[in-house]
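Participant: curious how this folds, go ahead:
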Amino acid sequence: MNTQQWILIAINVVGGVLVLGSYVQGLLAHPDNRNVLWGSIPASVQPFYTVSMVSAALGYFAFTYYVLFRIDAASVRVGNQFGFWVFYVIYALILLPSALWMPLTYAAVGSHSTGLYWVIRVVLAVVGLGSLALLAALLSLRTDGSSYAYWLAVAGSAAFCIQTAVLDALVWPAFFRV
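Facilitator: You can find the predicted model right below:
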């Protein structure tokens, strides 16, 4: 592994700790108020969300494995324009705002703040755009197209996009009101 890959691992470790830590803190601080996170999403739709969340998490591992261990960080060109460093930006766009979602959501519920509601929408949109950028980056790589790991990464990225760019950024805000 080279320095670029280690930097991306560090971004994932720090970002992952921030995301998971915000979830743990939020759920522990609000044990009787967890259902508020669903907003008014119908109970009949919630199982679809749960399956999508699991698929997105598995997808995250699939595309992260590919980016870290199957791409030559020293020579890769993303979109014929960018080097491996573009993955730093993409992962930061995904992880850092993701760590803000739950604390902002509980704060918005507690304050009934329309301003916080819009901040949450921006946060979710940034994550969605980051996930779409990741999918575009993967699709722009020059590959022979026969690698199982590559197509698993693309499929995982697509599942992640469904969760973040569609369900989280578009559907959830339509059902969440402060």
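Participant: mind listing residues that contact stretch 92-111?
Facilitator: Contact with stretch 92-111 is made by 11-12, 14-16, 18-19, 21-23, 25-27, 29-30, 33, 36-37, 113, 116-117, 119-120, 123-124, 126-127, 129-131, 133-134, 164, 168, 176, 178, as judged by C-beta atoms under 8 Å, 6 or more residues apart in numbering. For glycine as for every other residue, the C-beta is placed from the backbone atoms N, C-alpha and C.
Participant: same thing but at 6 Å, please
Facilitator: Identification of contacts with stretch 92-111 by C-beta atoms under 6 Å, 6 or more residues apart in numbering yields 15, 18-19, 22-23, 26, 30, 36, 116-117, 120, 123, 126-127, 130, 178.
Participant: same question, stretch 141-160
Facilitator: Contacts for stretch 141-160 (C-beta under 6 Å, 6+ apart): 55-56, 59-60, 62-63, 66, 70, 131, 134-135, 138.
Participant: gap between the residue sitting nearest the centre point of the chain and Val24?
Facilitator: Most central in the chain under C-alpha atoms, centre = their mean is Ile94, positioned 4.5 Å from the mean C-alpha point. Distance, Ile94 to Val24, using C-beta to C-beta, to the nearest Å: 19 Å.
Participant: enumerate every residue touching Thr114.
Facilitator: Applying C-beta under 6 Å, 6+ apart, no residues qualify as near Thr114.
Participant: do you know how far it is from Val171?
Facilitator: Thr114 is 19 Å from Val171, by C-beta to C-beta.
Participant: please apply the same query to Thr164.
Facilitator: From Thr164 to Val171 the distance is 11 Å (C-beta to C-beta).
Participant: those two: who's more crowded?
Facilitator: With neighbours defined as other C-beta atoms under 10 Å, Thr164 and Val171 compare such that Thr164 has more, 27 against 15.
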